[in-house]
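1. dropping the sequence and predicted coords here.
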Amino acid sequence: MRQQWRFLDGLMIALFVGLAVYATRSVWIDIFALALRNDESSYIILAAPVALWLGWLRRERIRYCRPSPTALGAIVILAGWALMAIGNEYSIDLFRDTGALVAVVGAVFTVAGKEIFLRFAAAWGALLFLIPVPGRIRHVIATPLQEASAVSTQFMLDLFAVSVERHGNMLVVNGAEVAIAEACNGMRMVAAMALIAYAFVFSFPMRLWARLLLLGLSVPVAILANVVRLAPTSILYGHSTPDIANTFHDVAGWAVLGLALGMMWLVLALLRYLELPLEPFRIREEA
């Protein structure tokens, strides 16, 4: 079995992946069209860059991955096609979208073998964010987020002596009604923050408990960052024109992701300040 990669190996992987993407192009077109038109799914655009980033950080591991073409890749591709067929037959988007991703992964598996998946597991895991959250699950998550965002925003506005009334998930500032469900229910922030937290924890060597802690904190951090955006947005809706409020709302939607990432850095810095054992006991390859 060969130990070294050749240019032809990379060319074959590119060819097989290209064919798999082309064969499932209708699914990918639908996924990225959804990401472009729906704010709650816009995080999908970041999934591939995050996967590439995590793969780049682990690029030295390619030396330990022997190219080992296998017919098992064809089985993975067929499994992807089966999922797509079930999804199309019964209108289950989750199966259809997952099947397309499995088919593309199977194309890589056909040429590269299993070692590249074990060595680059974190990068492959990031590709799961390419799959849109199903509507039913999104609704279950969004509903409590709306209430939490409304209550937290009211509390923050009261804290700064801003006159505000709340009726369910509706805030009233200076007579202007701000519907949290329409303005920003936090779903986009939670999904995007989960992806950023994933990239964050797998960009550094750390123990499993630390990674799980930071991933778990991504939800409250996202809600807090969302409230930081909602409070001034509500004020602008009440004391300025809708155009200005809408512009601020859209721009701040991405800007607060930087704030949320900064909060994650602070948590990590606090853990290090407390001298908790974050790094592994010895140097070793992390997933």
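-> Looks like it came in fine.
2. which parts of the stretch 151-287 of the chain are helices?
-> 180-183, 187-201, 208-239, 242-273 (DSSP state H, counting those that start in this stretch).
3. okay, now residue 70: neighbour count?
-> As a burial measure, residue 70 scores 14 neighbours (other CB atoms under 10 Å). For glycine as for every other residue, the C-beta is placed from the backbone atoms N, C-alpha and C.
4. one more: residue 237?
-> 24.
5. just to revisit the earlier point, of all the helices of the stretch 151-287 of the chain, which one is nearest residue 21?
-> Closest of the helices of the stretch 151-287 of the chain to residue 21 is helix 187-201, at 21.0 Å (criterion: CB to CB).
6. what mean pLDDT does whichever helix or strand residue 33 is part of get?
-> Per DSSP states H and E, residue 33 falls inside helix 25-37. Helix 25-37 comes out with an average pLDDT of 94.
7. so what touches it?
-> With contact meaning CB atoms under 8 Å, 6 or more residues apart in numbering, helix 25-37 is reached by 21, 41-45, 84, 96-97, 99-100, 130-132.
8. next secondary structure after that helix?
-> Downstream of helix 25-37, the next assigned helix or strand under DSSP H and E is helix 44-57.
9. packing partners for that next one?
-> Where contact means 3 or more CB pairs under 8 Å, 6 or more residues apart in numbering; DSSP states H and E, helix 44-57 is packed against helix 25-37, helix 121-126, helix 187-201.
10. which positions in that helix come out as buried?
-> Within helix 44-57, the residues that count as buried by 16 or more other CB atoms under 10 Å are 44, 46, 47, 50, 51, 53, 54, 55, 57.
11. chain center to that helix: distance?
-> Offset of helix 44-57 from its chain centre (CA atoms, centre = their mean, to the nearest Å): 10 Å.
12. now do stretch 94-109
-> A distance of 18 Å separates the centroid of the chain from that of stretch 94-109, by CA atoms, centre = their mean.
13. quick one: mean pLDDT for that stretch?
-> On average, stretch 94-109 scores 95.
14. likewise for stretch 76-86?
-> 95.
15. how about stretch 176-195?
-> pLDDT averaged over stretch 176-195 gives 71.
16. buried among the contacts of helix 25-37? Make that a ChimeraX selection.
-> The ChimeraX command for the buried members of these (criterion: 16+ other CB under 10 Å) is given here:
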select :41,42,43,44,84,96,97,99,100,130,131,132
